[in-house]
Each structure stands twice: as structure tokens, then as C-alpha cells.
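# the sequence and its predicted three-dimensional model are supplied below.
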Amino acid sequence: MPGIIDNATSTFEEDAVTDRNLKWLRNELSKGGSYVIFFVVAPTNGRIVSKDLALMQLVLDNLREGPLVGLIFTQIHEDYLIEVQNPDYYAAVLKTFKRAKAKTRFLDRDPPLVLRMHADAEGFSPQDFFDIENYVLRFTP
């Protein structure tokens, strides 16, 4: 869900755009229906920042029905690629949500897609586009 949080600010409350986006999201989720939601997260030094975890928890806690939820880890530095690709890493992410008493049943269905870091000038490689497309198309509402 890129774009919900403005990473230039330090908290949700400091950003009027984030507040507006979260209100819109809550409103849309309260309508019910079928959704496919993708969280796109760029872990820093192999760790997910607290703002990303908080947003994911907020969204998961507001889901009533069983939408499909995918998680894409992007911009993974080579030093952390093996760690993030390891199933234990994803298990630790789920454990973090469970400790926070967030709903995880929507995340438990599919492992995340992990994409290595790319230079801004280069962008995604053709293989990255192929991997993203195949990952996204696995999810049908």
C-alpha cells in the first residue's frame, strides 16, 4: 500500500495527507466487499520500520472479511537478501503482529515476494517485473 504514509514525516499525525489517506482507507474497508491488498515494504537494514508495521496493523485490524493480502519486500540490500528470503524472517514478522494482537490470518496465506535493491536510475529489472506480475496474478478476490 505505497503512498498511504509520507516517509518524510516521523508520525502519522504529522502528515495531513496520511491522515486523509487513512480515513479514505477506513471508509473503503468498512463497505465490505472483495479486496486484494498488497503491502509494499522496504526494510531498512533488514528491519521493517515501526511506521510500516503500524500501518499494516491498522489495515489488518480493520479488515472484516477475508481479503487476500500480499506482502512485497523491496529494495533489499544484498547484505540482507538471504536473511529476508528465509522463511524464519517472515515468521518473525508474523510473530511481531501477534504480539501486538493484530490480526494475522490474512497474512498467513502466502509467503512474501522479496526483491533485491536496485539503483533508482536502473529501476526494476525485467526479471523483477516478471516476478511481480506472477506474484500479483496469484491473488484473485
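Right, received. Where do you want to start?

# quick one, longest helix in the protein?
When the chain is parsed with DSSP state H, its longest helix is helix 16-30.

# put the alpha carbons of it into CSV.
Output of helix 16-30 as CSV, limited to C-alpha atoms (Å, rounded to 0.1, in the frame of the first residue of the first chain):
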residue,chain,number,x,y,z
ALA,A,16,-2.4,15.6,6.8
VAL,A,17,-2.1,13.6,3.6
THR,A,18,-1.5,10.4,5.6
ASP,A,19,-4.5,11.2,7.8
ARG,A,20,-6.7,11.8,4.8
ASN,A,21,-5.5,8.6,3.2
LEU,A,22,-6.1,6.5,6.3
LYS,A,23,-9.6,8.0,6.6
TRP,A,24,-10.3,7.0,3.0
LEU,A,25,-8.9,3.5,3.6
ARG,A,26,-11.1,3.0,6.7
ASN,A,27,-14.1,4.2,4.8
GLU,A,28,-13.5,1.9,1.9
LEU,A,29,-12.8,-1.1,4.1
SER,A,30,-15.9,-0.5,6.1
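
# any weak-confidence spans in this protein?
Counting by pLDDT under 70, the ranges of the chain that qualify are 1-18, 62-67, 105-106, 108, 119-121, 141.

# what are the ranges of the strands in this protein?
Taking DSSP state E as the criterion, the chain carries its strands at 36-41, 68-76, 113-116.

# so what does the shortest one touch, helix or strand wise?
Using 3 or more Cβ pairs under 8 Å, 6 or more residues apart in numbering; DSSP states H and E as the contact definition, the elements that strand 113-116 packs against are strand 68-76, helix 78-85, helix 126-137. Every C-beta, even on glycine, is put in place using the N, C-alpha and C of the backbone.
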